Structures are given as structure tokens and as C-alpha cells.
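>>> My questions concern the predicted model and sequence given below.
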There are 4 protein chains.
Amino acid sequence: MKNLKIPIIIVNYKTYSEATGKKAVKLSKIADEVSMETGVNVGVAPQFTDIASIAGTVSIPVFAQHVDPIVPGSSTGHVLLESVKEAGAVGTLINHSERQLRLCDIEAIVSKTRESGMVSVVCTNNAAVSAAVAALKPDIVSLEPPELIGTGIPVSKAKPEVVTETVALVKHVNPDVVMLCGAGITKGEDVTAAFKLGTKGVLVASGVVKAKDPRKVLMEFAEAINESV
Amino acid sequence: MKNLKIPIIIVNYKTYSEATGKKAVKLSKIADEVSMETGVNVGVAPQFTDIASIAGTVSIPVFAQHVDPIVPGSSTGHVLLESVKEAGAVGTLINHSERQLRLCDIEAIVSKTRESGMVSVVCTNNAAVSAAVAALKPDIVSLEPPELIGTGIPVSKAKPEVVTETVALVKHVNPDVVMLCGAGITKGEDVTAAFKLGTKGVLVASGVVKAKDPRKVLMEFAEAINESV
Amino acid sequence: MKNLKIPIIIVNYKTYSEATGKKAVKLSKIADEVSMETGVNVGVAPQFTDIASIAGTVSIPVFAQHVDPIVPGSSTGHVLLESVKEAGAVGTLINHSERQLRLCDIEAIVSKTRESGMVSVVCTNNAAVSAAVAALKPDIVSLEPPELIGTGIPVSKAKPEVVTETVALVKHVNPDVVMLCGAGITKGEDVTAAFKLGTKGVLVASGVVKAKDPRKVLMEFAEAINESV
Amino acid sequence: MKNLKIPIIIVNYKTYSEATGKKAVKLSKIADEVSMETGVNVGVAPQFTDIASIAGTVSIPVFAQHVDPIVPGSSTGHVLLESVKEAGAVGTLINHSERQLRLCDIEAIVSKTRESGMVSVVCTNNAAVSAAVAALKPDIVSLEPPELIGTGIPVSKAKPEVVTETVALVKHVNPDVVMLCGAGITKGEDVTAAFKLGTKGVLVASGVVKAKDPRKVLMEFAEAINESV
């Protein structure tokens, strides 16, 4: 897929103070170093304003957190795929549980992302929604049960049957889709558990961004991946 | 008001191809030069991804096109005021006709902008809405009848009575608010007409961004202001 | 105002099971009886599907909970003012905290309600928003701090200074507006307190709908009004 | 499927003046008569306020035009599935192109509709979106290319390949789903064409509601179905 190395850890910076502006660049350098040291692909999804400075500083893949289903023109205050691409993003999160979209818009954005040669990472809240998204042919689907986000209770341990069911349903609809999972991931063993359930990586946020030592956590995640594959 | 020099011309880059990425930086340099040559304040409102590079290049005020009513935290895909401020924006458009907001959100964003020492420019579609916004104590209200946006038919000539009524209503509710107007502004005489109706500047988009010679148009606008004040 | 007798108690049925379908009709009969017995005006705001059967059964004013800013035509799934009027509603709630609207839409709906000879009841979340709404010339503004809704902690006792400030700001912008307040109202003394702060009635929901004896609560509210005026 | 007779013609009343209040009841009686005369199932989707009076008058199936993804409780101004069911609706349109929904909400509404023993009719704008919806296991998917709605250019003749592709994709994902199509349907031959492409009925609006003689049009549609099956 567009040279995006799988497995992958994607770190969502959300709108955390700890990952805004200069702090976002600093955290991205750490992610870059972990990726180089371990050989595991680590992507980051910063705020729109920080994409250019981060993409200009590190060599790991940078994702937007969202783009709007628009073409260039009169869309004041919206986010144009072309703008995040020119800023250096290689892909985008779509439909994150904190920014859920209309089905017609998810379809339009996935199509536009594909045509632009960028990577689409569509977030989903349950197995049925994941199967629906798989029919849209995105590159990656990331299951994140909203009730676990930010809790520290890992989806891969708290709801293993949901991950397993999702992986099976998605594969049935579209075997080309790469599955990730997220929500509550804070330890290497959560990543290991996610792999055992059939995913190819994790989408994490507070578990890394708000950690006392983000480097240590990312190293633990990357090593868990190296031991799993 | 926070050292923002009035009168002002604000150029909204929308999501125009002609004002995305490197082209946005180039256009901003032209605006900067016109401002220095004429002494008239010219602000620009680029896309989120371009704020940092423009603010790092020019000395004119840079505005965001929109911010969301959020605090730092778990708001993936949303636009944090703190992020556009750190990127170098001095203020933000709010409630543009292409990004209209709930009243409660306009109030929250205007308040947050004020507390952050930034400039709020709230766009409105008619006189009654302008009066309502004035009660929220923003710095600037910009009247833009949606039916004229992008038409080349200037609000200041096509609907002078609407501008006059709006200026009067806004002044009645809150005399501290600076009034701008926009929609269809393409010539110096449109700017002159806007001033005669009681506004202190214009909010323009395609009239500058899509002009064959943006510098020439901006010069014409700035000179019209210098002759009006 | 359009023959709507003030003071008034408006009971919002929300989407409570206790006030859906036949139960909504039954509760409306109780409200009708209390109104006749006490001489205090009591309005009800049922779900859209129940407006016709209630308006055909009782003689008290019936309000819609919301209408959309549309004209007759192609708006599948939206709520047309004309449809709730033909069903028997005399007015509508607008911008309830559970259905907050864009400012441009509030203005359009208030205008349309006025032109239709119906009563507009715009809900607001704080003093600044109330002042903004007053500029739109609605008939009634009802302050409901969202953090108190459904708590049983009455706005009139927990935040008297907010009610007082709101009444003053609204009166300054538009002295013709009738002020109500709501959130946490469960006892007659809460209604009495609301009157002392300058309101002309209350907007209530769970305090009546979920009461063990709605008639008793409504009687207590009505008597508090009779003692206050 | 829940005793809903297929094939079916569903008439969407939108918010047309010609199909509001008493006129909606009158039109529904015509639909009822056509259904009895021809033996073809004809359903109607009136506005929320008219569901009860229509369901109390005719014996054909009545659908809501939309319901919200909510449970009974504090959702002022929203549409509760339980309320339209108690009013007499047997199902609901979901995600009409004039009321498009977030994917997570479509999934929640389809699930809730199923659990309530009601019929879900999910509208879609293209083949990919239809395939995605099929994964959610609704009863009916109705393809309506938005660019043809209200044009009188029938989808079944203007875009036969889109209908064929959609039927195939939907069947692949979920063979239990009944396919309808709509947009631009005004003649019996449009209905015949739709059947030849693999659909089991049509979703129509202006073609019937705004016809000079709705009975005649509905008769033509019903006869086209009787000749097709």
C-alpha cells in the first residue's frame, strides 16, 4: 500500500497541549528516533497547523487527523486534502470517534485520498461499522470502541471478541484492508494482544502523548511488535 | 483593539488552489508589500496548514479562517485556538457563511478569543444577525450577504441600505464593534462605497485571490482606503 | 403577544417515555385541568408525532420542541413550521440546549415564526447568548444553564445572579421580550424564586414529567405563580 | 421481512405543501385505493406530524422520513423511533439524501429499527455507499443519485449501469437486502426499467406528490410492477 510499511504504530496527537506546536515537533523527533532504532514504522497525526513543521523535520509518515469532503474553492474554514498533502502529510485519519462523519462524506474522502495517492485510515466504533467501511476500500481500518478511549483499559484485552469479530467481518468484505485497533493501549502487552487478535498495529493517543516518558512507551510498543511479527 | 490597526483589508484565502501552500506564502508577501507601500493594514486568512509558514515570513496580521469551541484535550480533527496562536495567528474569522456555527459556539469562541488576547472577526449574513453578534462583544463584525459572495456584485453598491441598517443596529447594541463588509468587492470604488456607508474596511476573497494581478487589486483597495479616511 | 397569556408554565415533554403517545395526551389533560382550576396558563411541548392528538384534545397552548429553517419543498426528514401549525401548535421552542442551532438558523426560524403569527420561545445557555437572542426579537427567551438541566438544583436558587444579569441584559437590548427560566425546577419555591428574579414563568421538563404526581407538582407551580403576580 | 409485501412503491411526501396535513391524509387515501385496486403494495412516508392521522385512516404501510439515533430521555426536538411506532409507522427512511447521517448513526438506527420489529429503508447515493450500507443488514436499500432527484430524468434510464452495479455489489455483501431505486421516476416505463435492472420497487416523491393526477401516476406505476413481476 503506497509504500506504507506495515505493521505500524500511529500516534494521534489530538488537541493535547503536550503535542501542540513546538512540543509536537519534539514528540515527533522521539517517534522518529524510536522508528529508526527499532525498525518499526511509527506514524504521527498532529494538528493541521503542525503538519508542515513536523513533516519538514522528521522522516516518519505524518497523517492529518481529518480532512473535509471538498474540492479546492469556496470552503472557508474547512480542511482541504490538497493542503495537508502539500504540507507533507502522506495520509489522513478519517471518521475518528471525536470527529465522526456522514457515510457519504467518508466515501467521498476515501475515494479522494485514493486518487491522491495518499493513505486512508478510517476509524470505526464497532464490528458492523467496520464491515461497512471495508466496502469503501480504504487502506486501513482502525477499530476504537469509544467507551474505552482514554481509559487505559486496552481494547485488545477488554474486548478481544470484538476485535476478532471485526477482523473476520472486515476480511470477509475486503481482504485487502489492513486492520489496526486502538483505545486504552498503554503497555507493550496490549500491543502484543492486539497482534494475536489479527491486527497489524495500533492507533494510540494519550498512552503515548500523556506518558511521563513517551520514548520509553513507544520503545515498548515497537519491541512488542518486533516480537509479534 | 489589541493593537490591530484600523481600517483594515482582510483577504480570505478560502480553500482556493491559488492560495494554498507555496502560493499562499507568495500571495502573502504581495499583501505585505502593499501594506508597507501604502501604510494600510492588510491581513490574510490562509488555511490552517499555511498559517505557520506565512506568519514566519511576513509582518502583516495573519488570521485563522475558523477555530472550534474546544479546550486542549480529546478533540481529534478539530482546530484549537491555542494551535493557531502558536502558529502565529493574531486572530480568527468566526462564523463565515461557508462555516456557520451554532450561537452557543460563536459565543464560546468569541469569549475564548478575547481571553487569549486575539482578535475576533465574526461574519454575519444580515442586519439582525449582526445585531445579535454585537451583543457578544467581538472585536469586528463583517457583514457578508451570502447571495453576493463570489458574484462580483459589491454589497456596498447592491445593498447599501442593508450595510447602513447593519452599521446602525450594531452601533446601537455595542458601539465598540468595528464594522467591515464583504461580498462582491472587486474594485477600489466598491471599497470607497463601503467606507461611505460607515464600515472601516473590507473582507475580500476571490476579488483578490483569483484576480489576474492581485497586487494591482490590493493597491487599488488600499488607495481607496487612504482616500476615504 | 399573539394572545399568549403571561405568566406561563411550559412543560417540555422531551423524548421521555412517560410523555410519548397516549401518555402524552393523558399528561396534557392534567395540564389542561390545572390551568382551568388555577387560571394560570400552562403550555405543553410534546414530540412532533403527538402534537395533533394533543391539540385536538386540550385547550391549552401546544408548542413544537423544534422546527427547521426551511420552506415547503424538498427537505425529507425535517420539520416544517407549517406542518406543526396545521397540527395545532401555536408556537415552538427554538435552540433548546439539547437541539442547539446555528445563529443564522435561529434568526431565520424566529422571523418565520413571527410571520406565521406563532410564538417563538428561544432557549439560551447564558447571559451573553440571551442578549444576542434578544436582538432577534423573539417573543420569549428562556434561560436554561445546561449544567443544571435535570439535576433538581433550581437555576433560580443556584444561580440567581445569572438570572438577574440575563434579565437586565435582555431588557437592555429588547424590552419587549418575555423572560422565562428553567433547569432544575421541581418545587413551588423554585418558581417563586424565579419570579422574584424578574422572569414571567418557567420552562420545566423532568420536574413535572417524571414526578410521581405531575398534577400535584403543576398545581404547586401554578399556585406559586398566583402568589407571585 | 416483517410481513412487508415486496415489490413496493414508497411515496416520500418530503415537506411538500401538497402533502402536508389534510392534503397528506387525502393523498394517502388515494395511495390506499390504488394499492387495493392493483394488489401492489404502496407505502407512504409523510411528515412526523401527519403519521398518526394517516396511519389511523389507511391500511397501507406508513413510514417515518427519519428517526434520530436516540433512546427515550432528554433529547428535546429529536425524533424517537418509539414515538413514530406508537403513532402507527411500520418503518422509517434512513439517510435520505436530504437528511444524510453519520455512519455510526445509520448503524445505530438500523440496529434499533431491527430490534423494534420495524422496517429500515436506507437511502444511498452511489454503489460504494450502497455496499457499505448492505453490511449493516438493513431490510431495504434505496439507491437515489442526488443529481437526478426531482429532475424527471429517471435513474433507471439515465444511469442503468449504476443501478446494475449497485444491485450486484449489495447482493455480494448481503443477499438478503431488498433493492429499490429512486430519483426522476415519473412514468410507468421508468418503473419497468428499474425492475429490469434488478430492483424490487421504487422510492418516489415529486413524480407522484406534484403530479396533476397522483392517482393516475400511481396506477401507472402499480401496473408497471404487475407487468414486471
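Ah, there it is. Everything numeric in this text was worked out from a predicted model, so none of it was measured.
>>> Give the buried residues for the worst-scoring helix or strand of chain A on mean pLDDT.
Least confident helix or strand of chain A, by mean pLDDT, DSSP states H and E, is helix A:155-158 with a mean of 82. For helix A:155-158, the buried set under the neighbour-count rule, 16 or more other C-beta atoms under 10 Å in any protein chain shown, comprises A:Val155, A:Ser156, A:Lys157, A:Ala158. Backbone N, C-alpha and C define where each C-beta goes, glycine included.
>>> Strands of chain A, residue ranges please.
A:8-12, A:41-45, A:63-64, A:91-94, A:119-124, A:140-143, A:178-182, A:201-204 (DSSP state E).
>>> Run through the residues that contact the residue of chain A most remote from its centre.
Centroid-distance maximum for chain A: A:Ser74 at 28.9 Å, with C-alpha atoms, centre = their mean. If you count contacts by C-beta atoms under 8 Å, 6 or more residues apart in numbering or on different chains, A:Ser74 has them with B:Lys14, B:Thr15, B:Tyr16, B:Glu98, B:Ile149, B:Gly150, B:Ala205, B:Ser206.
>>> circling back: dump the strands of chain A to CSV, plus mean pLDDT and distance to D:Lys200.
Output for those, formatted as CSV (pLDDT from 0 to 100; distance: least, C-beta to C-beta, whole Å):
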stretch, mean pLDDT, distance to D:Lys200
strand A:8-12, 98, 43
strand A:41-45, 98, 44
strand A:63-64, 98, 42
strand A:91-94, 98, 33
strand A:119-124, 98, 30
strand A:140-143, 97, 31
strand A:178-182, 94, 34
strand A:201-204, 95, 40
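>>> could those strands go into CSV alongside mean neighbour count?
Below are the strands of chain A laid out as CSV (neighbours: other C-beta atoms under 10 Å in any protein chain shown):
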stretch, mean neighbour count
strand A:8-12, 27
strand A:41-45, 25
strand A:63-64, 27
strand A:91-94, 28
strand A:119-124, 28
strand A:140-143, 28
strand A:178-182, 25
strand A:201-204, 26
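>>> Using CSV, lay out these together with distance to chain C.
As requested, the strands of chain A are exported to CSV (distance: least, C-beta to the nearest C-beta, whole Å):
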stretch, distance to chain C
strand A:8-12, 27
strand A:41-45, 29
strand A:63-64, 25
strand A:91-94, 24
strand A:119-124, 25
strand A:140-143, 29
strand A:178-182, 30
strand A:201-204, 31
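>>> Just tell me which of those strands ends up closest to A:Ala31.
Nearest to A:Ala31, of all the strands of chain A, is strand A:41-45, at 4.6 Å by C-beta to C-beta.
>>> For the closest one, which helices and strands make contact with it?
strand A:8-12, helix A:22-38, strand A:63-64 (3 or more C-beta pairs under 8 Å, 6 or more residues apart in numbering or on different chains; DSSP states H and E).
>>> Tabulate these (TSV), appending distance to chain B.
Formatted as TSV, the helices and strands packed on strand A:41-45 follow (distance: least, C-beta to the nearest C-beta, whole Å):
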stretch	distance to chain B
strand A:8-12	6
helix A:22-38	7
strand A:63-64	8
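>>> for the ones you listed, which one sits closest to A:Thr192?
Of all these, strand A:8-12 comes closest under C-beta to C-beta, at 12.7 Å.
>>> Direction included, what does the closest one pair against?
strand A:41-45 (parallel), strand A:201-204 (parallel) (DSSP bridges).
>>> Output the ones you listed in TSV; the columns should cover distance to C:Ser142.
Formatted as TSV, the strands paired with strand A:8-12 follow (distance: least, C-beta to C-beta, whole Å):
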stretch	distance to C:Ser142
strand A:41-45	42
strand A:201-204	43
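>>> Enumerate the residues of chain A near chain C.
Proximity of chain A to chain C, by C-beta under 8 Å from any C-beta of the partner chain, involves no residues.
>>> Can you tell me which residues in chain A are near chain D?
Applying C-beta under 8 Å from any C-beta, we find that chain A lies next to chain D at A:95, A:100-104, A:106-107, A:111, A:125-126, A:128-129, A:131-137, A:169, A:173.
>>> Please repeat the previous calculation with a cut-off of 10 Å.
A:95, A:97, A:100-108, A:110-111, A:122, A:124-137, A:146, A:169-170, A:172-174 (C-beta under 10 Å from any C-beta of the partner chain).
>>> quick revisit: of the contacts of A:Ser74, which is the nearest to chain D?
The nearest member of the contacts of A:Ser74 to chain D, counting by C-beta to the nearest C-beta, is B:Glu98 at 18.4 Å.
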